[in-house]
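[1] sharing a model prediction with you, sequence too.
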Amino acid sequence: MGTAGELARRTTGRPAAGHEGTSSLADSRLAHDRSGPRGDTPVVLLHAGVADRRMWAPQVAALTRDHDVVRPDLRGFGESTARPSDGWSHAEDVMTTLAALGVHRAHVVAASMGAGVAVEVALTRPDLVVSLLLVAPGGPLIPRMTDELREFVRAEVAAVEAGDLDAAAAANVAWWLVGPHREAATVASANRELVHAMQRRAFEITDGWDEIEEAEPDPSAAARLGEIIAPTLVLTGALDIDAIGEAADAVLAGVVGARHTRWEDVAHLPSLERPGDFTALVEEWLATLP
């Protein structure tokens, strides 16, 4: 997800099921998977705020044939359940994790809130980020609260305040996976169920984190887009909410040389809706880079 004011500061429940080959380094803080041949520049996958690292499962087998792939769960998602202290940040967690893994340069593929995290990492450590593929950029990159975004926030907040986490997760499925421009039945039920499970998990983990202050860069990442030197590709879905289109426009206007691809038949999570095409896009993008 990744809204302004970030309702995605969520928190601690049961261990997530369904991960294979997982590891969690005490000094890196973030649970993650790493697989594929070592030696080349790694590819780091940062998930959306409505998901966790399971969202990349359709891409892993293909990408790890030729690439060293690192898939973390951002703090408060999936298996990254450690309660933070004031002043923490997703970007710092990612940089700490990569340093612990000995990753000093990486291609970053990131969705939604994860795209905002990726931009913050690229601004803080331009030597670390070789390239950016930003999918439906959100989080701190959203320039304003649109009517659609406000309507989603109202639905989510009402459900959370009522203690109905299933309804809160369902609101996220409806607004982010399905989008406001089509019926839920047009989206694969397996994807709806997965996103519901991932988002509900995030609510469970972050229950009680509201009082914890997350660090906010000053100036913001959105105000510093012109400083990004990494080659950048932005992917958007025509069925996504309008706030994401505005964020994408801001990135394309701010990052020198940024390129844009738009898919007409998807909303906020194109890697789940068109997994094969998304994998091909990543491979084509990496092939264009030095």
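    Looks like it came in fine.
[2] okay, and residue 233 sits in which element?
    Under DSSP states H and E, the secondary-structure element containing residue 233 is strand 232-237.
[3] and residue 182, by the same measure?
    Mapping residue 182 onto the secondary structure by DSSP H and E places it in no helix or strand at all.
[4] leaving out chain neighbours, which residue sits closest to it?
    In space, and not counting its chain neighbours, residue 182 is closest to residue 239: 6.0 Å by CB to CB, 6 or more residues apart in numbering. (Glycine included, C-beta is placed from N, CA and C.)
[5] can I assume the one you found sits in a strand?
    No - with DSSP: H, G, I helix; E, B strand; the rest coil as the criterion, residue 239 is assigned coil and is not in a strand.
[6] next one: it, what pLDDT does it get?
    Reported pLDDT at residue 239 in the predicted model: 98.
[7] report the contact partners of it.
    Residue 239 sits next to 179, 181, 182, 264, 265, 266, 267 when contact means CB atoms under 8 Å, 6 or more residues apart in numbering.
[8] can you put those residues in TSV and add neighbour count?
    Supplementary listing: those in TSV, determined by neighbours: other CB atoms under 10 Å:
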residue	neighbour count
179	22
181	12
182	12
264	7
265	12
266	24
267	25
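[9] show me what contacts the nearest residue to residue 225 once chain neighbours are set aside?
    Leaving out its chain neighbours, the residue that sits closest to residue 225 by CB to CB, 6+ apart is residue 254, at 2.8 Å. By CB under 8 Å, 6+ apart, the residues touching residue 254 are 222, 225, 226, 228.
[10] same deal with residue 252?
    234, 258, 260.
[11] with residue 143 instead?
    Taking CB under 8 Å, 6+ apart as the criterion, residue 143 is in contact with 222, 243, 246, 247, 250.
[12] how near is the nearest residue to the first one once chain neighbours are set aside to residue 183?
    If the residues on either side of it in the chain are set aside, residue 222 comes closest to residue 141, at 5.5 Å by CB to CB, 6+ apart. Using CB to CB, to the nearest Å, one gets 28 Å for the distance from residue 141 to residue 183.
[13] look at those two and report which has more neighbours.
    Regarding residue 141 and residue 183, a neighbour count based on other CB atoms under 10 Å identifies residue 141 as having more, with 29 against 7.
[14] local confidence estimate at the more buried one?
    98.
[15] could you do residue 199 as well?
    98.
[16] just checking, next helix/strand downstream of the worst-scoring helix or strand of the chain on mean pLDDT?
    Every helix and strand in the chain was compared by mean pLDDT, DSSP states H and E; the lowest is strand 23-24, with a mean of 40. Using DSSP H and E, the helix or strand that directly follows strand 23-24 along the chain is strand 31-35.
[17] helices and strands around that next one, which ones?
    For strand 31-35, the elements it packs on are strand 23-24, strand 69-72, judged by 3 or more CB pairs under 8 Å, 6 or more residues apart in numbering; DSSP states H and E.
[18] put the alpha carbons of the last one into PDB.
    It refers to strand 69-72. Output for strand 69-72, consisting of C-alpha atoms alone and laid out as PDB, is shown next (Å, rounded to 0.1, in the frame of the first residue of the first chain):
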ATOM      1  CA  VAL A  69      18.100 -12.400  -5.700                       C
ATOM      2  CA  VAL A  70      17.500 -11.000  -2.300                       C
ATOM      3  CA  ARG A  71      13.900 -10.800  -1.000                       C
ATOM      4  CA  PRO A  72      13.400  -9.200   2.400                       C
END
